[in-house]
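> structure for this input, please:
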Amino acid sequence: PFTDASDNEYQFWASALLAQSKKIEAVILQSATYCVNLSTEKIKDLFEPLLHAPLISIAIELPIKNSYHTVVDCYSGYSELMKHLIQEHGAKKIGFVSAEKTSSREGAERLDAYKKALTENNMEFDPSIVIPSNFTQRDTIISFHELFKKKEDVKFDALMCANDYTALGAIYALKELGIDIPDDIVVTGFDDCSTAEAMGVTSINQQIFRQGYEAANIAWKVINGETVNHITKIDVKPVFRRSCGCNNLMSAELSNKHFSMAKQFVDVSRNYGTLYSLLDKMQGYHTLNELYNLLDRILIEADITAFAICLYKTPIFQSKGMKIRLPDSISLSMHYNNHKNVHILNEDVCFDPYISILPHDCLDDEPSAYIVNPIFFAEMQYGYLVYRPGGKDFNLYSLYMKIISNSIAQAYEITRKLEEQSNLEKANKELSISSRTDELTQVYNRRGFMFLGKKTIELAQQMDTEGHVIFADMDDLIMIHDNYGH
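Alright, predicted model coming up:
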C-alpha cells in the first residue's frame, strides 16, 4: 500500500488482504521486494494482522511468529568473486555500488558481505569508493555524475555492485567518462538477471528459481505437519562474463544461446500478436455480458487455462492512504475453465472472501497455481479476478490482466449506467401511467381521459374518419361516495 511505482499501484494491496481467508494454509512472501521501501519491523506490522497460517519468507528473515525463511549466503558469493578479481584480473582497489538509499535489509547485507570479503583478502575498507544508490540503473548514473566529473576522479580499478541494474548504470556512467570496460575497470553485479546475461555482465547467481522452489517445498511440509528448520540457506555462485574480462562462452554455448534468442524472438512475435488481438477485441463499449462473451475466445488465445471474475456488490472508492478492507460478501460473476465451458451467471453466486477466495466448485481437483489480480480503475475498486496462467512469460500475463481489468471496470460502469437508464425509463413510464389513472379502480381519470381523447381525435383526423363519443352517468353515485368512500 506504500508503493510509489505508479499513481494507483497501491490498489494491488487488496489482493494481499485475501491472505486472511480461512482456507489459506500457508503464505509465501517475496519479502525482498517490500524491503526496498520498508523496514522489517514495518513489514511485520503490515502482514502479521493478516496471517492465521504459517509464513514462508523468501530472501529476508522477518520477526513474525510461525514463520520460515529462505535466505541466500551473500558473503560466500562476494568472497569468491573478489578472490577472482584479485587473482585473475589483478584488482588492487575494489569499489562498491551500494543500495544504502533504500531501507533494504538485503542491500545492507550485500554491503556487509563486501566489507567482510575485503577483510578476508587483506584490503582496507575505503568509504570514499562506496557509491550510494537504490538498486536502480537511473539512480546509479545520477550518483556517478555527482561524484565523478572526469576520468581521473575514479580511484578504483574494479567495481562490485549491489545488483545487476546498478552494475549496468555504473558501466554506462564509466563509459561516459571515457573509461573502457573491462580494460580500464572491471565491473560485476549481483542477481544474474536476464539483462545482465544478455549484456555480458559478470554477476552472482542467487538461484531465484531454487529460492522459490524451496519456499514452496517448506510450505508443503509445514501444511503436512512435518518438522522444518526455520532458516534454509541457499548457496550463490559467481558467473564470469565479459565485464570482468572473462569470456566463458564456448562455441557450443554460443550456438545454444543463439538458438535460445531465436526462439525468444519467435515467442515475442506471437505474444505481440496475442496482445494486439486482445486490445482489438477490447476496444469499444461493452456491457459485462458482452465482455464475458468476448473473453471466451481471448482467454484461449492468451493461454489462460482457468479464470474467474469476482465483483463487489458496490464498487469501493479507495484513495491512497485509506485503509483497505474487503466486503464480507462478493459475487462470482463469471467462471471459465479449459476443462469446462464459460459460465455467465444469471444469478449471483455470493461467498465470503474471508472464508474462501473462490467458491470451491470453481477449482480443479488437481493442484494448480492461481494468480489473483484486483479489478480497479483509478481510485475505484470493483473486485478481483483469479486466473491460472499457461506457459507464457509472467510479465505478459500481468499486461493481459491489466487490459482485462480495465475493460471489466469500464463494462461495469456501462452496465450500471444502462441499468440506471432502464430503471429511470421504467419509473417515468409508471409515473406517467399513475398520473393518468385512478389509484383505486385503475381506470383513466380526467387527465387520462383528456390525454387519450386528444390522441384519438388526432388519429381520426389523420385517417379522415369520424367517431362517436359515448357519455354515461350513474344516478345516486353520491350515496356510494358518502357511505363507502371515494
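
> using PDB, list the CA coordinates for stretch 39-56.
Below are the C-alpha coordinates for stretch 39-56, written out as PDB (Å, rounded to 0.1, in the frame of the first residue of the first chain):
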ATOM      1  CA  SER A  39      11.900  -1.900   7.300                       C
ATOM      2  CA  THR A  40      11.500  -5.400   8.600                       C
ATOM      3  CA  GLU A  41       9.500  -4.100  11.600                       C
ATOM      4  CA  LYS A  42       7.200  -2.200   9.200                       C
ATOM      5  CA  ILE A  43       6.700  -5.400   7.100                       C
ATOM      6  CA  LYS A  44       5.900  -7.300  10.300                       C
ATOM      7  CA  ASP A  45       3.300  -4.700  11.300                       C
ATOM      8  CA  LEU A  46       1.800  -4.800   7.900                       C
ATOM      9  CA  PHE A  47       1.500  -8.600   7.400                       C
ATOM     10  CA  GLU A  48       1.200 -10.100  10.900                       C
ATOM     11  CA  PRO A  49      -2.500  -9.000  11.400                       C
ATOM     12  CA  LEU A  50      -3.400 -10.700   8.100                       C
ATOM     13  CA  LEU A  51      -1.800 -14.100   8.900                       C
ATOM     14  CA  HIS A  52      -3.500 -17.000  10.600                       C
ATOM     15  CA  ALA A  53      -1.400 -19.500   8.600                       C
ATOM     16  CA  PRO A  54       2.400 -20.100   8.600                       C
ATOM     17  CA  LEU A  55       4.500 -17.600   6.600                       C
ATOM     18  CA  ILE A  56       7.400 -18.500   4.400                       C
END
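
> hmm, who's touching it?
Residues from elsewhere that reach stretch 39-56 (Cβ atoms under 8 Å, 6 or more residues apart in numbering): 1, 16-17, 19-20, 22, 24-29, 31, 34-35, 38, 60-70, 103, 105, 215, 218-219, 222-223. The way it works is simple: take the backbone N, C-alpha and C, and place the C-beta from them, glycine included.

> how about low-confidence regions in this structure?
The model of the chain has pLDDT under 70 over residues 1-7, 248-285, 339-348, 363-365, 486.

> could you pull out the strands for the stretch 201-350 of the chain?
Secondary structure of the stretch 201-350 of the chain (DSSP state E, counting those that start in this stretch): strands at 203-205, 231-234, 237-239, 304-317, 330-337, 343-351.

> as TSV, these with distance to K83 and mean neighbour count would be great.
Output for those, formatted as TSV (distance: least, Cβ to Cβ, whole Å; neighbours: other Cβ atoms under 10 Å):
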stretch	distance to K83	mean neighbour count
strand 203-205	13	25
strand 231-234	20	14
strand 237-239	9	19
strand 304-317	47	19
strand 330-337	54	21
strand 343-351	58	13
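
> can you list these in TSV and add distance to N289?
What follows is those, written out as TSV (distance: least, Cβ to Cβ, whole Å):
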stretch	distance to N289
strand 203-205	49
strand 231-234	49
strand 237-239	52
strand 304-317	12
strand 330-337	9
strand 343-351	6
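
> okay, the angle between the lengthiest helix in the chain and strand 330-337?
As assigned by DSSP state H, the longest helix anywhere in the chain is helix 394-436. For helix 394-436 against strand 330-337, the angle by axes from the mean of the first three to the mean of the last three Cα atoms, to 10 degrees is 130 degrees.

> which strands and helices sit next to helix 394-436?
Packed against helix 394-436 by the contact rule (3 or more Cβ pairs under 8 Å, 6 or more residues apart in numbering; DSSP states H and E) you find helix 251-282, helix 288-301, strand 304-317, strand 371-377, strand 380-389, helix 446-463.

> which of the strands of the stretch 201-350 of the chain sits closest to D183?
When the strands of the stretch 201-350 of the chain are compared by Cβ to Cβ, strand 203-205 sits nearest D183, at 19.4 Å.

> from the contact counts, what lies against the closest one?
Applying 3+ Cβ pairs under 8 Å, 6+ apart, one finds that strand 203-205 contacts helix 74-89, strand 237-239.

> could you measure from the residue nearest to Y400 when sequence neighbours are not counted over to A167?
Using Cβ to Cβ, 6 or more residues apart in numbering and skipping the chain neighbours, the partner closest in space to Y400 is A302 (5.2 Å). Note on A302: its distance to A167, by Cβ to Cβ, to the nearest Å, is 34 Å.

> specify which residue of those two has the higher count of neighbours.
A count of neighbours by other Cβ atoms under 10 Å puts A167 above the other of A302 and A167, at 30 against 26.

> contacting residues around that one?
V97, L159, C161, V187, T188, G189, F190, A196, V201, S203, S243 are the contacts of A167 under Cβ under 8 Å, 6+ apart.

> my read is that the first one contacts D139, right?
No - with contact defined as Cβ atoms under 8 Å, V97 does not reach D139; the gap is 9.9 Å.

> which neighbours do these two share?
Shared between the contact lists of V97 and D139 (criterion: Cβ under 8 Å, 6+ apart) are residues S133, G169.

> the two - which one has more neighbours?
Between V97 and D139, counted using other Cβ under 10 Å, V97 has the larger neighbour count: 33 against 19.
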